[in-house]
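Visitor: Model the structure of this input:
(one chain, ligands or ions: 1)
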Amino acid sequence: MKTNKLLKYIKKNNIINTTNAQFALSINKKEEPITTLAIICVHQAIIDGHVCLPINENKKLFYSKYNNTFIIHFLKYIKTKKIENLLNKNIIGNGSYPTPLVLFKNSLYLYKTWKSEQSISNYFKNPTQEKKYTPYKIKKVLTKIFNQKFCNLQKIAVAISILYKNTFIIGGPGTGKTTVVSKIILSFIRLSEKFIKIKLAAPTGKAAIRLTESLKHNLKRLDITTQEKLIFPSKTITLHKLLKINSKFQEKILQDNELLDLDILIIDESSMIDIYIMEQLIKKLPKHSKLILIGDFNQLPSIQPGNILKDICQHANNKYSIKTAKILKYFINYEVPISNCSTDSNLKDNICILKKNYRFIQAPHIKILSQLILKNNDKNHKKLFNNSYKNVIYNEIYNICSYENMINTLTNNYENYWQAIYNKKELKQIIYIFNKYRILCAVNKGLFGTNRINKNIELNMQHKKYIHNNINLNNSLYVGKPILITKSNKALKLLNGDIGILMLDDVNQHLKAFFLLPNNSINIIPVQLLTHYQTAWCMTIHKSQGSEFNTIAIILPNKYSKLCTKELIYTAITRAKKKFLYIVVKRYSLKRQIHLHFVLAIYHN
Ligand SMILES: Nc1ncnc2c1ncn2[C@@H]1O[C@H](COP(=O)(O)OP(=O)(O)OP(=O)(O)O)[C@@H](O)[C@H]1O
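Guide: Sure thing, here's the model as predicted:
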């Protein structure tokens, strides 16, 4: 098939967007059909968040049958032929010289992505032990910081962060990651004779604020001197700011030979670091510095290509080399079980997986449920469907009537919020009540997307007279309307993802947006100044990552969407702390990607 015919077919069937086609043609001037298709397929894989296109048999694991069917056809076609014979040498190479495509370990890459992946894997693959502090001093500091009954895995996490140049500390919500970070910082302050530059960073503004606040909270519980408190780092910045990447133009402002001025870099929510940012980061770290990556690789990865934290850590399971186990025994008096010891020292020595959950003690079923989703196993879900979990009430939606009942249930859960407004409660109290509950959607479009759910909830609220009838819901703002900021605005001190509510200000009864800041102060913005925002009776799960709420509702679309991955549902469920109501829209059998289409609404206890 001629390239132009092929492209016309792909574009007519809306299989790829024009930028992808243009990208392919910009590279493949001669327009050989198979070359164009190869570039399109690799580029589509990158758009889907992957770093390469595996061309081996287990393509099913790579793509679900619902999307990218043309990639499956392409893979079938090249299966019989050797890809390197199909494409000319100027287009495909082995990475030893720059070519648009690189064939490496049976996978097709774009050169840029292949290069990033190579520099990252070279940086991390050999665990480098550090000898900066005497073992005796380390032992003394750790013994003081940890009392005996403290959780061993958390002690290991701190110990390996001192022992190794690069460390990965992984754990689900409430497993003590932030607690460990505070102990790591205190350990280095006590180990270092001179002032040690410790920097804290996170991939997003919200995550940065959250780590700043959590550490402030942790600091109150630490047995720490006033002097140590003064030098304890308190501010977390975004990676873009640390690397001086101007996100508007995605260009690096940090000069190529300029290194970061730090001794230790601790990054939270590291699952959201994409391959390009990670490559920039490791290039800018001074040789002597330490990198400590904190995160939960079961949560959502970055939107850009790469799931680095998961790729590096998913096979680790707190197994350590005999050499490391001996050191841990000396440092923290912890005997690594022999079954967890391995002869060869490898990257697993740098990884600690925190397991014990301290947050879901009140609601163990959320933890069980989140683990179930990760195991992605049909059998386990039967318990879920027959309501055998405490605090989980399960109904099924089959028709519009039950959809309307669902909207009604979701709306009724805002009753306390509206009562607080009409009873003229104190503003912070009203915002606190609003923030106790959140409706999370996987998508924005469709009957179960944020746009329609927001609209239907507003109509229902108008019907219940929470919102006055004379309000035109299509364009007007009203007292009590929650809004979600969709683009950061430095001048207004607003971050993408901030949630505020509209109220009349006391002075002249003008409608203003009130945002509760992490330091418990209120940011008041006249509504005329607001530009990028949307209604926030519900929000997307992506936007909720890094936040948590007493109770939540999770809404997934009633038809397959490649967004409905187990990471998405796991992220959503672990935003909650208390009760759920399950209303299932349609129950698919579970495949590689979860097809549990359900609405989690909630009952207040
Ligand atoms: N070893 C421990 N013993 C008792 N309580 C602990 C321990 N470690 C953490 N906690 C408590 O568990 C709760 C969660 O801890 P922390 O915030 O450090 O977890 P986290 O993994 O950072 O959570 P998230 O990912 O949601 O931010 C806190 O209340 C903390 O005090």
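Visitor: Get me the contact residues on the stretch 301-450 of the chain for the ligand.
Guide: The stretch 301-450 of the chain has residues 358-359 near the ligand, with proximity defined as C-beta under 6 Å from any ligand atom. Bear in mind the C-beta positions are built from the backbone N, C-alpha and C, glycine included.
Visitor: Which parts of the stretch 301-450 of the chain are strands?
Guide: Ranges of strands within the stretch 301-450 of the chain are 320-321, 341-342, 351-354, 392-396, 437-441, based on DSSP state E, counting those that start in this stretch.
Visitor: partners of the last one, with directions?
Guide: This points to strand 437-441. Strand pairing for strand 437-441, determined by DSSP bridges: strand 538-540 (parallel), strand 551-555 (parallel).
Visitor: Any chance of JSON lines for the strands of the stretch 301-450 of the chain, columns mean neighbour count and mean pLDDT?
Guide: Output for the strands of the stretch 301-450 of the chain, formatted as JSON lines (neighbours: other C-beta atoms under 10 Å; pLDDT from 0 to 100):
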{"stretch": "strand 320-321", "mean neighbour count": "21", "mean pLDDT": "92"}
{"stretch": "strand 341-342", "mean neighbour count": "16", "mean pLDDT": "86"}
{"stretch": "strand 351-354", "mean neighbour count": "25", "mean pLDDT": "96"}
{"stretch": "strand 392-396", "mean neighbour count": "17", "mean pLDDT": "63"}
{"stretch": "strand 437-441", "mean neighbour count": "25", "mean pLDDT": "90"}
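Visitor: Val180 is nearest to which of the ones you listed?
Guide: Checking the strands of the stretch 301-450 of the chain against Val180 by C-beta to C-beta gives strand 351-354 as the closest, at 7.1 Å.
Visitor: just checking, what packs against that closest one?
Guide: For strand 351-354, the packing partners by 3 or more C-beta pairs under 8 Å, 6 or more residues apart in numbering; DSSP states H and E come out as helix 152-163, strand 166-171, helix 308-313.
Visitor: Most tightly packed of these?
Guide: Neighbour counts (mean count of other C-beta atoms under 10 Å) averaged over each of the helices and strands packed on strand 351-354 peak at strand 166-171, with a mean of 26.
Visitor: Could you list the paired strands of it along with their orientation?
Guide: Sheet pairing for strand 166-171, assigned by DSSP bridges, gives strand 290-295 (parallel), strand 351-354 (parallel).
Visitor: Let me see the mean pLDDT of that strand.
Guide: Strand 166-171 shows a mean pLDDT of 97.
Visitor: And the contacts of that strand?
Guide: 123-124, 127-128, 157, 160-161, 177, 180-181, 270, 290-297, 309, 312-313, 316, 350-355 (C-beta atoms under 8 Å, 6 or more residues apart in numbering).
Visitor: Tell me which of the strands of the stretch 301-450 of the chain lies nearest to Tyr77.
Guide: Proximity to Tyr77, assessed across these by C-beta to C-beta, is greatest for strand 437-441 (38.0 Å).
Visitor: Following the chain onward from that closest one, which element is next?
Guide: Heading C-terminal from strand 437-441, the first helix or strand you meet, by DSSP states H and E, is helix 450-463.
Visitor: Buried residues, stretch 82-89. List them.
Guide: By 16 or more other C-beta atoms under 10 Å, the buried positions in stretch 82-89 come out as 83, 86-87.
Visitor: would you turn those into TSV with secondary structure?
Guide: What follows is the buried residues of stretch 82-89, written out as TSV (DSSP: H, G, I helix; E, B strand; the rest coil):
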residue	secondary structure
Ile83	helix
Leu86	helix
Leu87	coil
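Visitor: I'd like the strands paired with strand 166-171 as TSV, with distance to Leu529 appended.
Guide: TSV is the format used below for these (distance: least, C-beta to C-beta, whole Å):
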stretch	distance to Leu529
strand 290-295	35
strand 351-354	43
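Visitor: still on that earlier bit, which of the helices and strands packed on strand 351-354 sits closest to Leu230?
Guide: Nearest to Leu230 among the helices and strands packed on strand 351-354 is helix 152-163 (21.5 Å), distances taken as C-beta to C-beta.
Visitor: since we're on Leu372, how many residues are nearby?
Guide: Neighbour count of Leu372, defined by other C-beta atoms under 10 Å: 21.
Visitor: meant to ask about Thr343
Guide: Residues within reach of Thr343, counting by other C-beta under 10 Å, total 7.
Visitor: Just the local confidence number for it, please.
Guide: At Thr343, pLDDT is 80.
Visitor: now it: how far from Ser321?
Guide: Thr343 sits 7 Å away from Ser321, going by C-beta to C-beta, to the nearest Å.
Visitor: Out of the strands paired with strand 166-171, flag the one nearest Asn508.
Guide: Closest to Asn508 of the strands paired with strand 166-171 is strand 290-295 (C-beta to C-beta; 46.1 Å).
Visitor: The closest one and the ligand in contact?
Guide: No. Using C-beta under 6 Å from any ligand atom, we find that strand 290-295 stays clear of the ligand, coming within 7.9 Å at best.
Visitor: what's in contact with that strand?
Guide: Residues outside strand 290-295 that contact it (C-beta under 8 Å, 6+ apart) are 130, 161, 164-170, 177, 180-181, 184, 263-273, 281-282, 285, 309.
Visitor: Show me which of the residues you listed are buried.
Guide: Among the contacts of strand 290-295, those classed as buried by 16+ other C-beta under 10 Å are 161, 164-170, 177, 180-181, 184, 263-273, 281-282, 285, 309.
Visitor: And the helices in the stretch 351-500 of the chain?
Guide: Assigned by DSSP state H, counting those that start in this stretch, the helices in the stretch 351-500 of the chain fall at 364-375, 378-385, 400-412, 415-422, 427-435, 450-463.
Visitor: Thr535: which of these is closest?
Guide: Nearest to Thr535 among the helices of the stretch 351-500 of the chain is helix 450-463 (4.2 Å), distances taken as C-beta to C-beta.
Visitor: Mind listing what's buried along the closest one?
Guide: Residues of helix 450-463 classed as buried by neighbour count (16+ other C-beta under 10 Å): 450-454, 456-458, 460-462.
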